[in-house]
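Engineer: Sharing a model prediction with you, sequence too.
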Amino acid sequence: MARGLIGLSAVYGPHLSRRLGLSLGVDLFPLMKICSFNCVYCECGSTQLKRYPTVDSSEVQVHCDEVLDEVREALERVSKVDFVTISGCGEPTLHPEFHQVVEELKILLMESFEAKLAVLTNSSTLTAAEVREALKMVDLPVLKLDAGSEEFFKAVNMPHSGISLGEIVDQLKKLCAENPKAVVQTMLLRYKGLSNASGRELELLAERIAEVKPSGVQLYVPYRPPWSPSVTIPCSEELVGALKRIQEAVGEKVEVKLYL
């Protein structure tokens, strides 16, 4: 399936990212969205296959050697990029070769290119030792944490039945302690009477993020159309208040940014 400017199945872009500069994307599930969540705000549509803690070998869409070949070819064709970013439509850490992909990409980038490696993950698979070890090698692990309560987590992230918010927070604490570059990303939104940008949910979210102790916090809003029409963007006053409250919770030494 052609993707981006280059037309390779697992590679898309490069594109200018608000958070990562010029980024070349890597999608380990380019043909069908496979994820452990079904986040109501996702711009890639509803999850087609919900899986956890990994996918079956029959569901693998691209293999490590294919990814490496496509990334190498892409980087040889384009000007210098800031990051190669493993992200895409689904949850990349579900891929059974995720550790190998990260390891091989790090070697490729260190030997032949100057780009850094980033991974965007929903944090659901951090209980897996191989996933944690892989994320320790990553220059910028970007770890999702949208919820302070199980109620909000289940309503908005719609996780696989085997996943709990408490376990995710425990694993985030361990990973952020092991990789000082790790940052938390949080989607601020309203959904069917719930909002994590104000009130009790904001307080709980701020407490959770402070507990995790990331090196930075990236706050953003659903600026691309989500699959659920019930998702809306909090008002400016709420967003400013959320930014201030989370900054207060994590302390002035941790950078908190709001991307609109």
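Structural biologist: Done, it's in.
Engineer: I'd guess Thr186 is in a strand, am I close?
Structural biologist: Yes: assignment of Thr186 by DSSP: H, G, I helix; E, B strand; the rest coil places it within a strand.
Engineer: just checking, it touches Leu143?
Structural biologist: No: under the criterion of CB atoms under 8 Å, Thr186 makes no contact with Leu143, lying 9.9 Å away. Bear in mind the C-beta positions are built from the backbone N, C-alpha and C, glycine included.
Engineer: got the buried residues for stretch 142-159?
Structural biologist: Neighbour counts using 16 or more other CB atoms under 10 Å place 142-149, 152-153, 156-159 of stretch 142-159 among the buried residues.
Engineer: And for stretch 216-231?
Structural biologist: Going by neighbour count (16+ other CB under 10 Å), the buried part of stretch 216-231 is Gly216, Val217, Gln218, Leu219, Tyr220, Val221, Pro222, Pro226, Ser228, Val231.
Engineer: Adding secondary structure, pLDDT and distance to Glu167, write those residues out as JSON lines.
Structural biologist: Listed next are these as JSON lines, based on DSSP: H, G, I helix; E, B strand; the rest coil; pLDDT from 0 to 100; distance: CB to CB, whole Å:
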{"residue": "Gly216", "secondary structure": "strand", "pLDDT": "98", "distance to Glu167": "23"}
{"residue": "Val217", "secondary structure": "strand", "pLDDT": "98", "distance to Glu167": "21"}
{"residue": "Gln218", "secondary structure": "strand", "pLDDT": "98", "distance to Glu167": "22"}
{"residue": "Leu219", "secondary structure": "strand", "pLDDT": "98", "distance to Glu167": "23"}
{"residue": "Tyr220", "secondary structure": "strand", "pLDDT": "96", "distance to Glu167": "24"}
{"residue": "Val221", "secondary structure": "coil", "pLDDT": "98", "distance to Glu167": "27"}
{"residue": "Pro222", "secondary structure": "coil", "pLDDT": "95", "distance to Glu167": "26"}
{"residue": "Pro226", "secondary structure": "coil", "pLDDT": "97", "distance to Glu167": "26"}
{"residue": "Ser228", "secondary structure": "coil", "pLDDT": "98", "distance to Glu167": "25"}
{"residue": "Val231", "secondary structure": "strand", "pLDDT": "98", "distance to Glu167": "25"}
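Engineer: Now for the residue nearest to Leu31 when sequence neighbours are not counted: which residues touch it?
Structural biologist: Of all residues beyond its chain neighbours, the one nearest Leu31 is Gln61 (4.8 Å), with distances taken as CB to CB, 6 or more residues apart in numbering. The contact partners of Gln61, taken as CB atoms under 8 Å, 6 or more residues apart in numbering, are Ser9, Leu28, Phe29, Pro30, Leu31, Met32.
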